[in-house]
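sequence? don't have it. structure:
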């Protein structure tokens, strides 16, 4: 599924490439040890990447897991899957992975689709799902699940600005439109897996944006403020001036930002 996620302007390939470095730096690497311990010790790993985009999570995760691996890249966008098909994944023990792609809606997944899966993964996905869709995913998954980079509704900017809180509140409201979970996704997903007997661990996975990430910060700012104004059109004039100030601070190297997310590891009963 590739609906725009809650901290980005859209799922075009250029944006996915721009954010990949920040995503990789933010991911909670401390969850990899418990994940490895819960995976089958022998035989090929069959890994489903839901809402895979161009496959950036696989590029990060495959080299942290043993091989052989078979990746099922699942997305609703055939164009993104065409790009993802060209990935080369290699395990921590230098074994090449195999890749297949499947077009589909994450909310329509059933347990029968995931028979034989060793691991289900996703990145920046939960927050663009509804509660029913998250319940469907939790019900379908019978193996470990590593679900990363879900926003939690905390953004810190330095230097501070009087409009920060109002923009952030309007943005969060925008992400909850039409029943989407937005910043509530991590909590809802944890409860959904726990109700089904899974052991759930969450860890922070925060984007830390400074002068070295200015290109990403500019695009993120425009999307963040734009979503806030879409939710609250009365903010348009003040938000335009706010965005100008923030972009000027970014250009001068003065602006830093923290965009907070969480990573969630769900292990089936008895696997923790």
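Thanks, I have it. Predicted model only: the values in this text are computed from it and were never measured. Numbers count the residues shown, from 1 in each chain.

And residue 104, how far from residue 81?
Noted for residue 104: a distance of 10 Å to residue 81, by C-beta to C-beta, to the nearest Å. (C-beta placed from N, C-alpha, C; glycine too.)

Pull the distance from the longest helix that the chain contains to the chain's centre.
Longest helix of the chain, by residue count under DSSP state H: helix 214-231. Its chain's C-alpha centre and that of helix 214-231 lie 17 Å apart, by C-alpha atoms, centre = their mean, to the nearest Å.

now what about that helix, what contacts it?
4, 7-10, 15, 18-19, 21-22, 155, 166-168, 170-171, 173-175, 177, 209, 235-236, 239, 242-243, 246-247, 250-251, 253, 255, 257, 259 (C-beta atoms under 8 Å, 6 or more residues apart in numbering).

quick one on the thing from earlier: of residue 104 and residue 81, give the one with the bigger neighbour count.
Each of residue 104 and residue 81 has its neighbours counted (other C-beta atoms under 10 Å); residue 81 has more, 22 against 14.

Inside strands: which ones of the contacts of helix 214-231?
Judged by DSSP state E, the contacts of helix 214-231 include 155, 209, 257, 259 as members of strands.

how about the helices of the stretch 51-200 of the chain, start to end?
With helices called from DSSP state H, counting those that start in this stretch, the stretch 51-200 of the chain shows them at 56-61, 78-84, 131-140, 164-175, 185-195.

which one of the ones you listed is the most hemmed in?
helix 56-61 (a mean of 22; mean count of other C-beta atoms under 10 Å).

looking at the sheet around residue 259, what are its partners?
residue 155, residue 207 (DSSP bridges).

so what sits against both of residue 104 and residue 81?
residue 75.

Would you reformat the helices of the stretch 51-200 of the chain as JSON lines and include mean pLDDT and distance to residue 33?
Listed next are these as JSON lines, based on pLDDT from 0 to 100; distance: least, C-beta to C-beta, whole Å:
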{"stretch": "helix 56-61", "mean pLDDT": "96", "distance to residue 33": "13"}
{"stretch": "helix 78-84", "mean pLDDT": "91", "distance to residue 33": "27"}
{"stretch": "helix 131-140", "mean pLDDT": "96", "distance to residue 33": "23"}
{"stretch": "helix 164-175", "mean pLDDT": "97", "distance to residue 33": "31"}
{"stretch": "helix 185-195", "mean pLDDT": "97", "distance to residue 33": "19"}
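
now the ones you listed in CSV, with distance to residue 96?
As requested, the helices of the stretch 51-200 of the chain are arranged in CSV below (distance: least, C-beta to C-beta, whole Å):
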stretch, distance to residue 96
helix 56-61, 12
helix 78-84, 16
helix 131-140, 28
helix 164-175, 38
helix 185-195, 31
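
Go through these and name the closest to residue 45.
Of all those, helix 56-61 sits nearest to residue 45, with 10.5 Å by C-beta to C-beta.

What lies in contact with the closest one?
Contacts of helix 56-61 (C-beta under 8 Å, 6+ apart): 16, 20, 23-24, 27, 47, 49, 52, 71, 73, 84, 87, 89, 97, 99, 121-123, 146, 148.

make it 6 Å
20, 24, 49, 71, 89, 121, 123 (C-beta atoms under 6 Å, 6 or more residues apart in numbering).

Now list the buried members of these.
20, 49, 71, 89, 121, 123 (16 or more other C-beta atoms under 10 Å).

Tell me which two of those residues sit farthest apart.
20 and 71 (16.8 Å).

quick revisit: now the longest helix of the chain: average pLDDT?
With pLDDT averaged residue by residue, helix 214-231 scores 96.

what angle sits between that helix and helix 164-175?
Angle of helix 214-231 versus helix 164-175, following axes from the mean of the first three to the mean of the last three C-alpha atoms, to 10 degrees, is 70 degrees.

got the buried residues for helix 214-231?
For helix 214-231, a neighbour-count test (16+ other C-beta under 10 Å) marks 214, 216-221, 223-225, 227-229, 231 as buried.

ditto for stretch 62-78
62, 65-67, 69-77.
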